[in-house]
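**Q** I need the structure of the sequence given here:
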Amino acid sequence: MATEQKTASWRPAIGSITLAVIVSLYILIVANYTFWSRAYVYFDGHRPAFIGFVAGMIALTVAIAVTFSVKYLMKPVLIVLLLAAVAAAWFTDRFGTIIDREMIRNAAVTTSSEAGHLITGKFMLYMLLLGVMPSLLIAAVRIIHRPFPSKFLHNMAVIIPCIALIAIVGMGFYPTYAAIGRIHRDMMMTINPHFPIGSAIYYTATYGDNLNLVRQPIGTDAHQLPPAAPGKPRVLVIVAGETARGKEFSLAGYGRDTNPEMKARGVTFFPDVTSCGTETAVSIPCMFSVYPRGVYNYRKGLTTDNLTDVLGHAKVDVEWWDNDTGTYGVADRIKYKYLPDTRDPRFCKDGECLDTILLDKLDDWLANVKGDSVLVLHQLGSHGPAYYLRYPDSARRFTPDCRAADFATCKPEEITNAYDNTIVMTDQVIAAVIDKLKAHQDQLAGSMLYLSDHGESLGENGIYLHGAPYFIAPAEQTHVPMALWLSDEFASETRLDTACIAERAKHPASHDNMFHSVLGLMEVETSVRDASLDLVSPCRKPADKLASN
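**A** Numbers count the residues shown, from 1 in each chain. Here you go, the predicted model:
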């Protein structure tokens, strides 16, 4: 007993409510720079309302902390809140990242190598100084707890006034808060740790809803129309891009020549295309889905046949080669290869591979095509923040380029140079796909469709990377490139007018068009093909148009 008392005497004592207030203020001050910065700007001209807003947020955070000021529970809760707030602040303050449900979903499926580019030495130091060390102080102090009846009364003496203050301020400035909340919905999405923890709880609570789902078949009536004349197998290679922003393509008018190879091969470029989402976990299943962006959701994507299934119903051979983070259920029922698992030292290092690995076995695959086929090549593309790892020296056209995953160590122009080099790399990969299709033209009628899943922010308005909630996402994250190439044999067999397609490419398009346009390219007739979303079939000679829905 004496030893215990001596040990305890070295630990400072503090009241539970006092500790709750201190930690609450620490979190609000240290881990919410982005939140307060936005709030200050958004409340411009409404300073009394802003002061009330500050008071309300303090009251809310204190009330939450005091609610958990129970013996054996308080320390773990405060430490979790503090660490979550500081970790979220790193990404929010430096990259403009909003930790919503979809970002939580992305984090849950990310690879260790991908996560490694974000968990840098500076991040670890930041967490140590601002998260771990304060947490150790919380763990070290002795919290003075009153007997339960007294504790309950003292806690309520804090919680009830906090709730009353929130209500008074809320009612007093309701018109201002309602207006700012509607116009600037992003503001409350940056409050740490409230929003990230709420997103994690929601994701966890709904996770079970997406297990043991029953898939709904669609397009079971799908069948291919015969080619214009007996000929070679119709082959489409879909290059599913990663994190490519449309404005960075010289084919769309970008000032730098990032697409010399595609231009030399006469691809048809679609300059005005919008994505279904701002992260791979949304965009990939959505772009292969029959559902347009306005009605698509994750559950629908899991419970409904996708483009690969409908092609299979039509007896088209479909295969998927992946150099990214997976297919999110899209390729569950077709041939699938995850190329990083090969650990081929020619292309791979530390769990990631250059996209040239997608080309390595392509000649063999094309040489063995027996019937109409679709092959999906899923790129690692321009995935950040370690852009410099996405391209070899042969694609290092723009220098000096950022050679780090931590943007803080690089100048803005260096970040842009590195990113633009990834687009040069993609240009070379697409050109190689086209060249290989041409090399096998005696055996098949080839075509290539390139479409990126989403774009990327490179520091515009202080935002980096991607994953912003769609309703506030900048155009840099939703404007994506799309390109189509048809060999003469493919155009002849399908009787597609390439000049007509080039004219249609001048009009806006989106991920909504992909499902229906691929069916059109492969001449698959089915009740689920929406003719109004098919970009190519209207360019087929009238006698050979696909039947209308």
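**Q** Okay, now the unreliable bits of the protein?
**A** Applying pLDDT under 70 to the chain flags the ranges 1-9, 209-211, 543-549.
**Q** and the longest helix for it?
**A** helix 412-439 (DSSP state H).
**Q** tell me how far that one is from the chain's mean position?
**A** 21 Å (C-alpha atoms, centre = their mean, to the nearest Å).
**Q** counting contacts, what elements does that helix pack onto?
**A** For helix 412-439, the packing partners by 3 or more C-beta pairs under 8 Å, 6 or more residues apart in numbering; DSSP states H and E come out as strand 234-241, helix 260-264, helix 362-367, strand 445-452, strand 457-458. The way it works is simple: take the backbone N, C-alpha and C, and place the C-beta from them, glycine included.
**Q** in that helix, what counts as buried?
**A** 414-434, 436-437 (16 or more other C-beta atoms under 10 Å).
**Q** Now do it against strand 445-452, angle only.
**A** For helix 412-439 against strand 445-452, the angle by axes from the mean of the first three to the mean of the last three C-alpha atoms, to 10 degrees is 160 degrees.
**Q** For the stretch 51-200 of the chain, which segments count as helices?
**A** In the stretch 51-200 of the chain, the segments counted as helices under DSSP state H, counting those that start in this stretch are 74-95, 101-109, 112-116, 121-127, 133-140, 148-172, 174-183, 194-207.
**Q** Tyr33: which of those is closest?
**A** Put simply, out of the helices of the stretch 51-200 of the chain the one that sits nearest Tyr33 is helix 74-95, at 5.1 Å, with distance taken as C-beta to C-beta.
**Q** Pull the closest one out as CSV, backbone CA atoms only.
**A** What follows is the C-alpha trace of helix 74-95 in CSV, where atoms were taken according to Å, rounded to 0.1, in the frame of the first residue of the first chain:
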residue,chain,number,x,y,z
MET,A,74,-12.6,8.2,-19.8
LYS,A,75,-8.9,7.8,-20.6
PRO,A,76,-9.3,5.4,-23.5
VAL,A,77,-12.1,7.6,-25.0
LEU,A,78,-10.1,10.8,-24.7
ILE,A,79,-7.0,9.2,-26.2
VAL,A,80,-9.0,7.8,-29.1
LEU,A,81,-10.6,11.1,-29.8
LEU,A,82,-7.3,12.9,-29.6
LEU,A,83,-5.4,10.5,-31.9
ALA,A,84,-8.2,10.4,-34.4
ALA,A,85,-8.4,14.2,-34.5
VAL,A,86,-4.7,14.6,-35.0
ALA,A,87,-4.4,11.9,-37.7
ALA,A,88,-7.4,13.4,-39.6
ALA,A,89,-5.9,16.9,-39.2
TRP,A,90,-2.7,15.8,-41.0
PHE,A,91,-4.6,14.8,-44.1
THR,A,92,-7.2,17.5,-44.0
ASP,A,93,-4.8,20.3,-43.4
ARG,A,94,-2.2,19.2,-45.9
PHE,A,95,-4.2,17.6,-48.7
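**Q** Off-centre distance for it?
**A** That offset, for helix 74-95, works out to 22 Å (C-alpha atoms, centre = their mean).
**Q** Kindly report the same for stretch 217-225.
**A** Using C-alpha atoms, centre = their mean, the mean C-alpha position of stretch 217-225 is found 31 Å from that of the whole chain.
**Q** now could you export just the CA positions of stretch 407-419 as PDB?
**A** This file holds the C-alpha atoms of stretch 407-419, laid out as PDB (Å, rounded to 0.1, in the frame of the first residue of the first chain):
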ATOM      1  CA  PHE A 407       4.400  17.400 -51.100                       C
ATOM      2  CA  ALA A 408       5.700  19.800 -48.500                       C
ATOM      3  CA  THR A 409       9.200  19.000 -49.700                       C
ATOM      4  CA  CYS A 410       8.500  20.000 -53.300                       C
ATOM      5  CA  LYS A 411       7.600  23.200 -55.100                       C
ATOM      6  CA  PRO A 412       4.200  23.300 -56.900                       C
ATOM      7  CA  GLU A 413       5.800  23.200 -60.300                       C
ATOM      8  CA  GLU A 414       7.800  20.100 -59.300                       C
ATOM      9  CA  ILE A 415       4.600  18.400 -58.200                       C
ATOM     10  CA  THR A 416       3.000  19.300 -61.600                       C
ATOM     11  CA  ASN A 417       6.000  18.000 -63.500                       C
ATOM     12  CA  ALA A 418       5.900  14.700 -61.700                       C
ATOM     13  CA  TYR A 419       2.200  14.300 -62.300                       C
END
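**Q** residues making contact with it?
**A** For stretch 407-419, the external contacting residues (C-beta atoms under 8 Å, 6 or more residues apart in numbering) are 94-95, 122, 248, 382, 384-385, 387-388, 398-404, 456, 458-459, 464.
**Q** which one of the helices and strands packed on helix 412-439 lies closest to Tyr42?
**A** With distances scored as C-beta to C-beta, the stretch of the helices and strands packed on helix 412-439 nearest to Tyr42 is strand 457-458 (19.9 Å).
**Q** Partner strands of that closest one and their direction?
**A** strand 464-465 (antiparallel) (DSSP bridges).
**Q** from the chain's centre, how far out does the following helix or strand past the strand it pairs with sit?
**A** Sequence order places helix 475-478 as the next helix or strand after strand 464-465, per DSSP states H and E. Relative to its parent chain, helix 475-478 has a centroid offset of 12 Å by C-alpha atoms, centre = their mean.
**Q** Specify the angle between the helix or strand that helix 475-478 is followed by and helix 412-439 in degrees.
**A** Moving toward the C-terminus from helix 475-478, the next helix or strand (DSSP H and E) is strand 479-486. Interaxial angle, strand 479-486 versus helix 412-439 (the same axes, to 10 degrees): 20 degrees.
**Q** Ala59 against Ile168, yeah?
**A** No. Using C-beta atoms under 8 Å, Ala59 makes no contact with Ile168, being 9.9 Å away.
**Q** quick one: which of those two has more around it?
**A** Comparing Ala59 with Ile168 by other C-beta atoms under 10 Å, the one with more neighbours is Ala59, at 22 against 14.
**Q** that older thread, give me the buried entries from the contacts of stretch 407-419.
**A** Burial of the contacts of stretch 407-419 was assessed by neighbour count (16+ other C-beta under 10 Å); the buried members are 94-95, 248, 382, 384-385, 387-388, 398, 401-402, 404, 456, 458, 464.
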